[in-house]
Structures are given as C-alpha cells and as structure tokens.
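[1] Fold the following.
(one chain, ligands or ions: 1)
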Amino acid sequence: MTTITLVQGDITRESVDAIVNAANSSLLGGGGVDGAVHRRGGPAILAECRELRASRYGKGLPTGQAVATTAGELDARWVIHTVGPVWSSSEDRSALLASCYRESLRVADGLGARTVAFPAISTGVYGWPMDDGARIAVETVRAAGTTSVAEVRFVLFDDRAYQAFAAQLG
Ligand code: ADP
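    Predicted structure coming up:
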C-alpha cells in the first residue's frame, strides 16, 4: 500500500527519491514548478532534458507521459517530468491528467523509488480547477496498485491547494 501524505510548501525543498515536475512538452523549462525545479536543480537537469529531446522526444514529450532525469542539486535522486493537459471547458481531458500521475508512478516504480513528491499538476498556468485536479490526483494514486513507492507526498503551494487535497483524503 502507498501512503499518501500532504505538505504545504515548495516542492523543490523536499527530500524524496523522486520529485515530479509539471513540465511542458518542450522539456526545456517554463514557469511555476518547472521554473523552480530548473532554478534550484541547476543546469544538469536541463542538459539531460536537451538530450532527451534530441534522442527520444524530437516532437516533445506527449501530454500524459512521463520521463526521468537526474535531480541535479535537488535533494532527490530523480526528477520525473510529466506534461499535464491544459484545462478545457469544452473537452474532457481528465484521462490525460490521470495518466500523468499513473505514468509518473510507473516511471518511479521502474527506478525503485520509495518516496515521490507530486505537485498539483495542471492547476497552475494550465488552468485546471483545483478541486477537480485534487480529486483526479488522489483517485489515480489510490488506484495505482502495488509499486515500489511507499509514500506519495503531494506538495501544495498554497493553503487553497492544501485544503482541496485534504478534502479528497477525507
Ligand atoms: P501547470 O502548467 O501544470 O499548470 P504550474 O507549475 O503552473 O503547472 O502549476 C502547478 C501547481 O503547482 C499550481 O497549483 C501551482 O500553484 C503550484 N506550484 C507552483 N510552484 C510550485 C512549487 N515551487 N512547489 C509546489 N507547487 C508549486
């Protein structure tokens, strides 16, 4: 069983085996979590992202998929980059958001990670409503079956996000 814990704060300050980055498909950095990960993690992460673009993801990392790199100077062994869907009021993209959590856990399991920190994927610049984003995150992690991951830690930036996840945990 995977234990789910909640923390309010900056995900780049966490000590875990793997930190999940809410990346964009370019893998070349952006704002929000992505900006913070590259700022604090240093240039080794971007260097590996560039290699991944050149070798495996010439068109970018597709939405809903996940890939690991070094964590550079972060207090973690790996960063797992995943690309959330942009919120749409006309199209249901929940399966893609669930896929981000599921695929990130699959990559973490493949690496043998025991502790994994997730941000609230897609709920920033990509505009996903926080309550629904929290529901999908918690449901997907709960449904994920047995993996090497003993703890999933959701790291929520502000009180509103923390409360939304707390409500889902019940
Ligand atoms: P996306 O593009 O997937 O929406 P963002 O990085 O813009 O990703 O935001 C995702 C969520 O992460 C938002 O709820 C945002 O408030 C939060 N966030 C931003 N920076 C950090 C950080 N350093 N640590 C944890 N959460 C963060």
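
[2] pLDDT on the top helix by length along the chain, on average?
    The longest helix of the chain (DSSP state H) is helix 94-111. On average, the pLDDT along helix 94-111 is 98.

[3] How about the backbone phi and psi for the spatially most central residue of the chain?
    For the chain, the residue nearest the mean C-alpha position is residue 20 (3.4 Å; CA atoms, centre = their mean). Backbone torsions of residue 20, given as degrees, to the nearest 10, read phi -90, psi 130.

[4] Just to check, it is in contact with residue 115?
    No. In this structure residue 20 lies outside contact range of residue 115 using CB atoms under 8 Å: 11.5 Å. For the C-beta atoms, the positions are set from N, CA and C on the backbone; glycine is no exception.

[5] Quick one: name the residues of this structure near the ligand.
    10-12, 22, 31-34, 36, 84, 119-126, 155, 157, 161 (CB under 6 Å from any ligand atom).

[6] show me the contacts for the residue nearest to the centre of the chain.
    For residue 20, the contact set (CB atoms under 8 Å, 6 or more residues apart in numbering) comprises 11, 66, 79, 80, 81, 82, 104, 116, 117, 118, 119, 121.

[7] can we see that at 7 Å?
    Counting by CB atoms under 7 Å, 6 or more residues apart in numbering, residue 20 makes contact with 80, 82, 104, 116, 117, 118, 119.
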